Every structure is written in C-alpha cells, then in structure tokens.
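Peer 1: Let me see the structure of the following:
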Amino acid sequence: EQRAPASALRANFKLCESFRMHGSPIHHSLNRHETYVAEVCHIEQLRSEVLEPLHCRLLHRDPAGGCLDPHALLDGTARDTVTVDLKLLQQPPDITPKNFQLRLYCFLSHMVTDVSLSRFWDEEDEPGEGKEDTSADLLRARDARMAEDALIEKVFHDGTWAGTLLWDSAVHTAEMLLRDFSKWEVCLRGATVLELGCGLGLPGFICHLLGAKSVALTDRIEVAKLCEENISLNFGPRVMQERSMFASELEWTSNEALALKEQMGGSIDMVLACDCIFAPLYGDSFPLLRMLEYLVDERTRVVLACERRPCDGVDRFFQLASEKFTIKLLLSLYDGDIAIHELNLKPGVLQTKSGGESRIPII
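Peer 2: Model (predicted):
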C-alpha cells in the first residue's frame, strides 16, 4: 500500500486546520503570495514589484494600491497574475503536453486607468473655494476618477470582485479532472462545456486542454472580459474566433440561457459550476436550478462544486434538485466542507411543449 510522504501529510493537516479556522485556505494563502502544491498542479500568486501585497489591497479595496507610476498600468507591470503549473499523471494522446503552465490575470488593477492614477494637481492646484478652475484636463481627470471609483465600489458591493480571484472549490475541481484523467478525457474529448459563474475559469481551461470541442466561460461582464484576456494570453485570439473556447457575459435568465445553448449547437455535454450556491447572496430561490432547467438534457453531466459556509442553503438546494436529478458525490474534502457532486437529469423529466421545445418543469 502506497502512503503519502510525511511532508504531504503535514501540508494536508495544515490545510485542514486552516479550513476549520478560516475556510478557503488555498484562496487565502494565494492572496498572501504563498504557493499551493499538489500532485497534479502547482499554483503561485505572483507578486508585482509595483503593487502592495494582494491581501492588503483586498482589505482596503484598493486594486492598484502601491502603484505610483501610471505607466505601470499601461505596460502590464501593475497586473496581478497567478501561474498554474499542471502535471498530467498520464500522457494525453494528441491533446496537450504532459506538463503545461497557465498564466491567468486576476483581481482588478486593470480597471484602474493611467488617467485616474495620474495626479494632475497637487494641493495648491486643486480647485477650491476662491479658486477658478479653467483646466479641461483637470476636470476630465476628476470625472474619470469619480467614474472609476464608482465602478470599483460597485464591483466590491455586488460581489463581482470574488470572481476575479481563485477559490478552493475551483482548484479542487481542476485537480479532480487532472487526477482522474482517463475517466474525464473520455467524456470531454469533442464535448461542449459550459461553466457558469466561472470566475477565472480554471476548470474550463482544464476541459479545453483535455480535448473539449467548445468551452464557454460565463460570468458577469467584468469577469468575462478578464477571461477573454486570459484565453488570448494562453491560447491566442484564434481560439476565441473559432469558438473552441470563449468568454461571455451571461445573465441568468431563460432567454439568455436558451440563446447560448443554441450557439453551442443546441445541446451541452457538461455544465460546470463552482461556488454558485450561496443563499445570503443569491437568495433562497436558487437561480442555479432555474438555469439548469433551460440548459441541460438527459445526456448533460452537471459537475457542481461547493465550499460549505454558514447558512449557505446548499442542503436545501440538493433537496429540491433531487426531485429532478440523480445526485452522486464525486469528491469530499475536509469532512465535507468542500464537496463535488455530479447531477444527471432523471429519465422522463423533460417535457415537450407544443412548439417542440424541450424543457424541465419549473422547480
């Protein structure tokens, strides 16, 4: 019987203890620029020389904190980047090298422009009582800063910022796909894959590397734009032009879900969703269930990863989902604090409407 080395056991124990105390140990360690090392991946949050540590900027809600040179925003120096070194345990035939590195831009410094970062005035130049403001450049700079501040405040207020960082459930989903390569490669080769609430889209990137025909990364517009950058950074713009991998804003409505499904050929082989159930943010109506209603058919595999949090509503979600789906546990970590399930539509649940369109009865 093979046993894990003592160093791996100690690392796993450290993660378990961190999970019990704080939750999301991988996420928080990366934000402190520590590395995460596992059997199939090595993840590092790179430290920019011109930015404050990421966890400090998160605390102060200051995406470009520490950056004093506006040109650093233009040349990419002031960008947060996470590197993901992947190691497949088996050599994939004609898909991708056994070892591959992804570079993913993350967080929000790209939303800070050089105009707003520039200080067009100092204290004596700033308009005030008894001073006449005749500088058009000064006014434009002020307006740009105000608009930018409002947008960044919105991104923090509505939770969009969370989608620009890497979280534990996505990391463990990616690990599962890589570790059980022989199983997942069979169902992913030539498949259409949709990731809901993708964030940085790490599981979707893995599906592309394992041979999926088309991978759609979907999230709010600010996150989708970041994903577009990352697709181009790693695979070039041609991949998006050919729609073999692309990012798109997706409002969780029936019209947009059905339109995207049609764009992907009318049938989706796999739906990925990591951390898309959280009642305090999304409410008790479980919009994820309503989205699945319009996206899946009896051949679709839904891979759903959750990190448990207080009052998250996950138990209620699965109670409702069990009426229409079979549910199988794929992976459980940290005494169930992270769990990955596979959902499959039960036979006979689809109903054909008079117009010939198939859909699931509303839950």
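Peer 1: what residue is smack in the middle of this structure?
Peer 2: Per C-alpha atoms, centre = their mean, the C-alpha nearest to the average position across the chain is that of G199, at 1.7 Å.
Peer 1: Excluding chain neighbours, what is closest to that one?
Peer 2: Across the structure, with C-beta to C-beta, 6 or more residues apart in numbering as the measure, the residue nearest G199 apart from its sequence neighbours is G163 (4.3 Å). For glycine as for every other residue, the C-beta is placed from the backbone atoms N, C-alpha and C.
Peer 1: pLDDT at the one you found, what is it?
Peer 2: What the model reports for G163 is a pLDDT of 95.
Peer 1: do A141 as well
Peer 2: Confidence per residue is given as pLDDT, and for A141 that number is 74.
Peer 1: do G211 as well
Peer 2: 91.
Peer 1: number of nearby residues for it?
Peer 2: Here the count is done by other C-beta atoms under 10 Å, and G211 has 19 residues near it.
Peer 1: again with A64
Peer 2: Applying other C-beta under 10 Å, we find 27 residues neighbouring A64.
Peer 1: try E249
Peer 2: Counted with other C-beta under 10 Å, the burial measure for E249 works out to 13 neighbours.
Peer 1: how near is the residue lying closest to it once chain neighbours are set aside to L250?
Peer 2: The spatial neighbour of E249 that comes closest, neighbours along the chain excluded (C-beta to C-beta, 6+ apart), is I221 at 4.3 Å. Plainly put, I221 is 9 Å away from L250 if you go by C-beta to C-beta, to the nearest Å.
Peer 1: Same check on A136?
Peer 2: A136 sits 39 Å away from L250 when distances are taken as C-beta to C-beta.
Peer 1: Looking at those two, which one has more neighbours?
Peer 2: Each of A136 and L250 has its neighbours counted (other C-beta under 10 Å); L250 has more, 23 against 8.
Peer 1: Any regions of the stretch 51-200 of the chain where pLDDT drops low?
Peer 2: Under the criterion of pLDDT under 70, the regions of the stretch 51-200 of the chain flagged as low confidence span 90-98, 115-134.
Peer 1: let's see it at 90
Peer 2: Scanning the stretch 51-200 of the chain with the threshold set as pLDDT under 90 gives 68-77, 87-100, 109-149, 158, 180-183, 185-186.
Peer 1: quick one on the thing from earlier: return the residues in contact with the residue nearest to the centre of the chain.
Peer 2: In this structure, G199 makes contact with 162-167, 170, 219, 223, 274-275, judged by C-beta atoms under 8 Å, 6 or more residues apart in numbering.
Peer 1: re the thing from before, looks to me like the residue nearest to G199 is in a helix.
Peer 2: Yes - membership of G163 in a helix is supported by DSSP: H, G, I helix; E, B strand; the rest coil.
Peer 1: how many neighbours does it have?
Peer 2: Each residue near G163 was counted by other C-beta under 10 Å, and the total is 22.
Peer 1: export the contacts of G199 to TSV and tack on distance to D335?
Peer 2: Listed next are the contacts of G199 as TSV, based on distance: C-beta to C-beta, whole Å:
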residue	distance to D335
A162	24
G163	27
T164	29
L165	24
L166	22
W167	19
A170	20
D219	30
V223	30
C274	19
D275	18
